[in-house]
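Chemist: predicted coordinates and the sequence they were generated for:
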Amino acid sequence: MATTNTEVGQADASQQQFPPLQTETYPSQLLWLALTFGLFYYLMAKVALPRISSILEVRSDRIAQDLDEANRLKEESNAAHAAYEQELAEAKSKAHAIAQDARDSAKSEVETTRAGVEAEMAARVAEAEKRISATKAKAMGEVGKIAEDTTAALLSEIMGGKTTKAEIASAVSGVKR
């Protein structure tokens, strides 16, 4: 059997290993690994880490300032709230005092008006009692005449006889006593 060049190239390629896994290149790989690690470590230590630490320090300072500002604002807010509560309590007490004054004023006004109305009613009652007593006295004064007239009418109806006014007046005046 005859072999061609392509077949020989494939056979050589299948026997070769992946270059990083070849044991002959380990020392040079380790050297380059140490050099690149050292270079990256130096760059990180001298350039990147100081920048990162300064950024973190600036942020930490800013956070501390913000917290201090927040605490200051909270204290101001608490002080404002306490002042508001005190002013509200004072306003409530003033409103209560004003309402009490209004009640007292209205009460005294009502008492004054009531006293005036009671005095007026007492005067009217006294006047009415005077009129009643005058009417009663007048009526009592006329009772005798009414009794005489009634007696005369009854006697004329019952007896049919005539009696004089003098006889009836003496009879009625005798009964009154």
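Modeler: Alright, I've got the coordinates. Numbering: from 1, shown residues only.
Chemist: what strand or helix carries Lys162?
Modeler: Secondary structure from DSSP states H and E places Lys162 outside every helix and strand.
Chemist: do the one 4 residues further on as well
Modeler: Assigning secondary structure by DSSP H and E places Ala166 in helix 165-176.
Chemist: can you give the distance of that helix from its chain's centre?
Modeler: Relative to its parent chain, helix 165-176 has a centroid offset of 88 Å by Cα atoms, centre = their mean, to the nearest Å.
Chemist: report all helices and strands that it contacts.
Modeler: Counting contacts by 3 or more Cβ pairs under 8 Å, 6 or more residues apart in numbering; DSSP states H and E, helix 165-176 is packed against helix 49-158. From N, CA and C alone the C-beta is placed, and that goes for glycine too.
Chemist: so the helix it packs on versus helix 165-176, what angle?
Modeler: For helix 49-158 against helix 165-176, the angle by axes from the mean of the first three to the mean of the last three Cα atoms, to 10 degrees is 130 degrees.
Chemist: could you check how sure the model is about helix 49-158, as an average pLDDT?
Modeler: Helix 49-158 shows an average pLDDT of 91 in the prediction.
Chemist: now do Val117: how many residues are near it, please.
Modeler: Around Val117 sit 10 other residues, with neighbours defined as other Cβ atoms under 10 Å.
Chemist: and the one 3 residues further on, by the same measure?
Modeler: Number of residues near Glu120 (other Cβ under 10 Å) recorded here: 10.
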